[in-house]
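1. Okay, sequence plus prediction incoming.
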Amino acid sequence: MPTLGVNIDHIATIRQARRTVEPDPVAAAVLAELAGADGITVHLREDRRHIQDRDVLLLRQTVRSHLNLEMAATDEMLGIALNIKPDYVTLVPEKREEVTTEGGLDIVGQIARIGEIVDKLQSVGIPVSLFIDAQPAQIEASVKVKAQFIELHTGQYAEAKNETNRQQELAILAKGCEQAIKAGLRVNAGHGLTYWNVYPVAALPGMEELNIGHTIISRAALVGIERAVREMKQAITVNSNHNLD
Ligand SMILES: CC(=O)[C@@H](O)[C@H](O)COP(=O)(O)O
Ligand SMILES: NCC(=O)COP(=O)(O)O
């Protein structure tokens with residue numbers, strides 16, 4: 001069964017909604033690791049809508065499992081990655097206007113540029129994963145640029161409108177996973193996975209790691225609300241510094 005990389009972007013989304021200091025993704029990463037996360041994933045977007053540079057710097061020092069830095073294939077991000085040296089980098093496509101990552105990275109269409117970035121990162125010992133759709137040509141191109149990993153974009157599977165469509169998307173992922181492993185790539189997957197749809201993807205032969213964020217942070221907000229309200233009632237009633245852990 002694959003390991004779990006917990007994406008903590010949406011802890012930062014809540015913080016940035018108020019431009020304040022809580023909740024801190026660095027603290028969330030510690031708690032996620034204590035709960036069994038095998039890795040921590042953050043997406044440092046060019047528009048800095050959630051994760052900030054400060055977060056990545058601190059996470060580099062505090063993460064005890066492995067830190068996966070998702071980033072666009074730009075010179076700015078390359079500079080940050082070379083400086084911070086995460087445990088691995090996942091190159092992802094990015095559009096300012098999108099609500100979340102909409103598709104896989106087009107390796108075929110920018111093979112020279114991606115190859116150059118993969119080389120630069122790997123020359124200083126940073127393994128690279130490419131976030132792609134499970135299309136044969138994109139997988140072949142990922143082999144050509146010598147990436148170690150791909151991360152299969154599971155968004156279309158997650159958004160399937162009915163069971164037939166879901167099975168079709170799962171079959172595409174299964175085929176892609178098999179093709180990639182045969183070609184020597186290591187395979188991760190993620191995007192839009194939830195408690196309800198994760199198992200069939202986790203069960204794909206050879207799948208190494210699933211990166212999951214939004215559904216975990218959503219659930220954390222709900223399962224944590226009872227305690228949070230109780231603690232606020234306590235803080236209102238007792239005139240002392242509330243000792244939150
Ligand atoms: C590439 C990818 O799938 C993740 O980056 C995920 O989408 C989280 O990033 P956002 O929360 O910014 O969409
Ligand atoms: N690369 C996918 C990821 O990190 C998490 O995506 P999501 O679970 O927040 O959709």
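-> Structure received. Ligands and ions are numbered 1, 2, ... in the order given.

2. For Gly5, which non-adjacent residue is spatially closest?
-> Nearest residue to Gly5, sequence neighbours excluded (CB to CB, 6 or more residues apart in numbering): Gly39, at 3.8 Å. Where C-beta positions appear, they are placed from N, C-alpha and C, glycine not excepted.

3. Need the phi and psi values for the one you found.
-> Backbone torsions of Gly39, given as degrees, to the nearest 10, read phi -160, psi 160.

4. same thing with the one 5 residues further on?
-> With angles defined as degrees, to the nearest 10, Leu44 shows backbone torsions of phi -80, psi 90.

5. can you tell me which residues contact the closest residue to it other than its chain neighbours?
-> Nearest-residue entry for Leu44: Ile51, 5.1 Å, with adjacent residues in sequence omitted and distances by CB to CB, 6+ apart. With contacts defined as CB atoms under 8 Å, 6 or more residues apart in numbering, the neighbours of Ile51 are Ile8, Asp9, Ala12, Pro25, Val42, His43, Leu44, Arg45.

6. Wait, the fifth one touches Ile11, no?
-> Looking back up the chat, that one is Val42. No: with contacts counted by CB atoms under 8 Å, Val42 stays clear of Ile11, the gap being 9.6 Å.

7. Over to Val42. Which of the three states is it?
-> Here Val42 is strand, with the state taken from DSSP: H, G, I helix; E, B strand; the rest coil.

8. where does the residue lying closest to it once chain neighbours are set aside sit relative to Lys146, distance-wise?
-> Computed as CB to CB, 6+ apart, the closest residue to Val42 that is not its neighbour in sequence is Ile51, at 4.7 Å. Noted for Ile51: a distance of 27 Å to Lys146, by CB to CB, to the nearest Å.

9. What residues of the host helix or strand of Ile217 count as buried?
-> For Ile217, the element it lies in under DSSP states H and E is helix 214-237. For helix 214-237, a neighbour-count test (16 or more other CB atoms under 10 Å) marks His214, Thr215, Ile216, Ile217, Ala220 as buried.

10. touching ligand 2 at all, that helix?
-> Yes: Helix 214-237 reaches ligand 2 (CB under 6 Å from any ligand atom) through His214, Thr215.

11. Contacts for that helix, please.
-> Residues outside helix 214-237 that contact it (CB under 8 Å, 6+ apart) are Val6, Asn7, Ile8, His10, Ile11, Thr100, Gly192, Leu193, Thr194, Tyr195, His242, Leu244.
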